[in-house]
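Student: any chance you could fold what I've pasted below:
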Amino acid sequence: MSTSIGEVNKRIPLAMVVIRSAKLFDIPDVMRIERESFREAYPRGIFLVFLENNPDTFLVAEYNGKVIGYVMAYLRPDLEGHIMSIAVDPAYRGNGIGSALLVEAIERLIKKGARYIGLEVRVSNERAIRLYERFGFKKVKRIIGYYVDGEDAYYMILPAEEWRGS
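Tutor: Prediction:
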């Protein structure tokens with residue numbers, strides 16, 4: 001079910017949102033949120049492989065039985081915990097769901113041995129940049145032409161020893 005403009009900004013109690021590991025049956029909802037959130041959406045196969053390889057760090061936010069957000073994270077061999085993708089259904093943004101997903105992903109990655117957490121973000125995505133900075137991420141590099149449409153990305157990191165927790 002697609003979200004219409006009239007439904008944007010539903011206020012919900014964050015305490016009623018469950019953050020849990022993603023399951024195979026969540027993939028259609030995750031893909032819908034991905035398409036509604038990004039100009040360049042990953043294909044279904046990426047989500048399936050990611051779920052198989054990273055079941056403990058592919059998380060969804062669920063409210064009243066509906067998936068309303070997700071985060072895909074993984075631990076690289078160099079012990080970088082990497083946030084590959086994070087998004088919240090446009091109708092539920094502004095409720096702290098993105099923050100809750102980010103916190104849970106960071107904590108799981110650090111528990112798995114991550115020395116730092118890294119991510120890429122569009123230079124134009126000021127809302128996401130502010131979110132990451134609020135949790136201690138710092139811009140360390142600008143990646144020229146990172147996205148298919150030519151837009152640059154910031155590479156941001158959060159050293160594990162600087163993590164303040166939720």
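Student: now the residue nearest in space to the middle of the chain, nearest residue through space, not along the chain?
Tutor: Nearest to the mean C-alpha position of the chain, by CA atoms, centre = their mean, lies residue 86 at 1.7 Å. Spatial nearest neighbour of residue 86, chain neighbours left out: residue 71 (4.2 Å); criterion: CB to CB, 6 or more residues apart in numbering. Just so you know, the C-beta spots here come from the backbone N, C-alpha and C atoms, and that holds for glycine as well.
Student: show the pLDDT at the one you found.
Tutor: What the model reports as pLDDT for residue 71 is 98.
Student: same thing with the one 5 residues further on?
Tutor: In this model, residue 76 is scored at 94, pLDDT.
Student: next one: residue 4
Tutor: Looking at residue 4, the pLDDT reads 38.
Student: can you pull out the helices in the chain?
Tutor: For the chain, the helices defined by DSSP state H cover 27-37, 44-53, 97-111, 126-134.
Student: out of these, which is the most enclosed?
Tutor: helix 97-111 (a mean of 20; mean count of other CB atoms under 10 Å).
Student: measure how far that helix is from the centre of its chain, please.
Tutor: With CA atoms, centre = their mean, to the nearest Å as the basis, helix 97-111 stands 9 Å off its chain's centre.
Student: buried sites along stretch 70-86?
Tutor: Residues 70-75, 80-86 are the ones in stretch 70-86 that count as buried (16 or more other CB atoms under 10 Å).
Student: mind putting those residues in TSV, distance to residue 133 included?
Tutor: Below are the buried residues of stretch 70-86 laid out as TSV (distance: CB to CB, whole Å):
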residue	distance to residue 133
70	22
71	17
72	21
73	18
74	22
75	23
80	19
81	18
82	18
83	14
84	19
85	19
86	15
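Student: strands along this protein, start to end?
Tutor: Ranges of strands in the chain, per DSSP state E, are 17-21, 58-63, 66-75, 80-88, 116-122, 138-143, 153-159.
Student: residue 157: neighbour count?
Tutor: 20 (other CB atoms under 10 Å).
Student: confidence score at it?
Tutor: At residue 157, pLDDT is 97.
Student: thought it was touching residue 118?
Tutor: Yes: assessed by CB atoms under 8 Å, residue 157 is found in contact with residue 118 at 4.8 Å.
Student: okay, now the unreliable bits of the protein?
Tutor: 1-8, 166 (pLDDT under 70).
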